[in-house]
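*Asks:* 3D model of this:
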Amino acid sequence: MKSQSADAPPPVDAVRGRVLVIDNDSSMVLWVRSVLEADGYDCLPALSGEQALTTLRTTPDIMVAISDIHMPGMDGISLLQSVCSLTGAASLPRFIFLTAYPEVEFAVQALRLGAVDFLVKPVRPQELLHAVRSAMQRVDKSRVATQLQDQAAVLAQQAEALAAALNAWKHSHSTAPEPKAEAPRGDLAALGLDHLRRPRQAVPPLGELDDVAWDLLLELLRAEKISQRMSVSALSISIEPSSSTTALRRIRELVKAGHIVRNPDPLDARRDFVALAPASRAALEHYLEQVAKQLAAVVPRS
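*Replies:* This is a model prediction of the structure:
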């Protein structure tokens, strides 16, 4: 398979993030910013390691930092050491070093501290862009992994809460007289699924959708509640265990049915964002209210 060249455009859903450019040479900062901003990146300048550290402390959404190594005062290696001691791995920007004095010792130190690239001045614009795109992709993958871990943790907490509620329900009914018309019995897991699935049938027009479609809609609702914009590709990999191919097919079906609205990105014509249609959002809110009532009904009152 032919690999993508440095001259190739970024992927359709590539994220244009914020970059911090650090160099005591203001003309170099200006040149790097002009190259990156022409490709859609938002750049911040810093003319010293100390200024860069202050900016990184106060601007948590910086995804990539491009730094010179030899600077008066705090050099690039010392800056990265300070940043590593102040922030966690999940929020640490990816560092790219750009220097006119390449030395093996500095390169080894940089890589050991987690730097993702080591470029030598003068650098070609496409070489710089390729390094930044690769660093941005690493940030995206890290954020997706963190998001999946957070979702797994939330689901685990919900499962524990549901199990506790169902166990309490079972205990409260263990001494109750058997009804004359005995209801069909199932294990606790089936009972929990019943409490989650039953309200769907009373939520038009979403009642006939399958589990994958429901997961996609609920993920969109979760993202909207925390003011997170979702692209088509990000939504397609946000649910498990469904494959991204299946998720993309369901997204197209939901858009065609009017449950999801697809909005082109004004900054990148090749990327679309997705949002819930107002009627679908209202239906999902109603569904969650019904689920809450169903779960509350199985918890014994104190």
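
*Asks:* where along the stretch 151-300 of the chain do the helices fall?
*Replies:* Along the stretch 151-300 of the chain, counting by DSSP state H, counting those that start in this stretch, helices occupy 188-197, 211-225, 232-236, 244-256, 278-297.

*Asks:* With respect to Ala65, which of these lies nearest?
*Replies:* Closest to Ala65 of those is helix 232-236 (CB to CB; 23.8 Å). All C-beta spots, glycine's among them, are computed from the backbone N, C-alpha and C.

*Asks:* Could you list the low-confidence segments of the stretch 151-300 of the chain?
*Replies:* Within the stretch 151-300 of the chain, the segments meeting pLDDT under 70 span 151-205, 207, 240-241, 294-300.

*Asks:* Now for the closest residue in space to Ile260 that isn't next to it in sequence, how many residues are close by?
*Replies:* Of all residues not flanking Ile260 in the chain, Leu254 sits nearest, at 4.3 Å (CB to CB, 6 or more residues apart in numbering). By other CB atoms under 10 Å, 25 other residues sit near Leu254.

*Asks:* which residues sit against stretch 43-58?
*Replies:* 18-24, 26, 29, 32-33, 36-37, 59, 62, 65, 67, 71-76, 78-79, 82-83, 86-87, 93 (CB atoms under 8 Å, 6 or more residues apart in numbering).

*Asks:* Now the buried members of those.
*Replies:* Buried by 16 or more other CB atoms under 10 Å: 18-24, 29, 32-33, 36, 62, 65, 67, 71, 74-76, 79, 82-83, 93, out of these.

*Asks:* Turn the helices of the stretch 151-300 of the chain into a markdown table, including distance to Asn263.
*Replies:* A markdown table is the format used below for those (distance: least, CB to CB, whole Å):
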| stretch | distance to Asn263 |
| --- | --- |
| helix 188-197 | 30 |
| helix 211-225 | 12 |
| helix 232-236 | 10 |
| helix 244-256 | 11 |
| helix 278-297 | 14 |
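
*Asks:* Give me the subset of the contacts of stretch 43-58 lying in strands.
*Replies:* Arg18, Val19, Leu20, Val21, Ile22, Ile62, Ala65, Ser67 (DSSP state E).

*Asks:* and the fifth one, what does it touch?
*Replies:* Listed by CB under 8 Å, 6+ apart, the contact partners of Ile22 are 29, 46-49, 51-52, 65-68, 71, 76, 79.

*Asks:* Return the closest of these with respect to Asp268.
*Replies:* Ile66 (21.7 Å).

*Asks:* From Asp215, how far out is that closest one?
*Replies:* Separation of Ile66 from Asp215 (CB to CB, to the nearest Å) stands at 39 Å.

*Asks:* Pro72 too?
*Replies:* In terms of CB to CB, Pro72 sits 54 Å off from Asp215.

*Asks:* What of Ser48?
*Replies:* 48 Å.

*Asks:* got the buried residues for the longest strand anywhere in the chain?
*Replies:* Of all segments of type strand in the chain, defined using DSSP E, the longest is strand 268-276. Judged by neighbour count using 16+ other CB under 10 Å, the buried positions of strand 268-276 are Asp268, Arg271, Asp272, Phe273, Val274, Ala275, Leu276.

*Asks:* okay, those in JSON lines with distance to Thr245 next?
*Replies:* Supplementary listing: those in JSON lines, determined by distance: CB to CB, whole Å:
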{"residue": "Asp268", "distance to Thr245": "23"}
{"residue": "Arg271", "distance to Thr245": "19"}
{"residue": "Asp272", "distance to Thr245": "17"}
{"residue": "Phe273", "distance to Thr245": "20"}
{"residue": "Val274", "distance to Thr245": "17"}
{"residue": "Ala275", "distance to Thr245": "22"}
{"residue": "Leu276", "distance to Thr245": "22"}
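
*Asks:* For the contacts of Ile22, could you give me TSV that also reports distance to Asp210?
*Replies:* TSV is the format used below for the contacts of Ile22 (distance: CB to CB, whole Å):
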residue	distance to Asp210
Val29	53
Ala46	51
Leu47	56
Ser48	57
Gly49	54
Gln51	54
Ala52	50
Ala65	44
Ile66	46
Ser67	49
Asp68	54
Met71	57
Gly76	52
Leu79	51
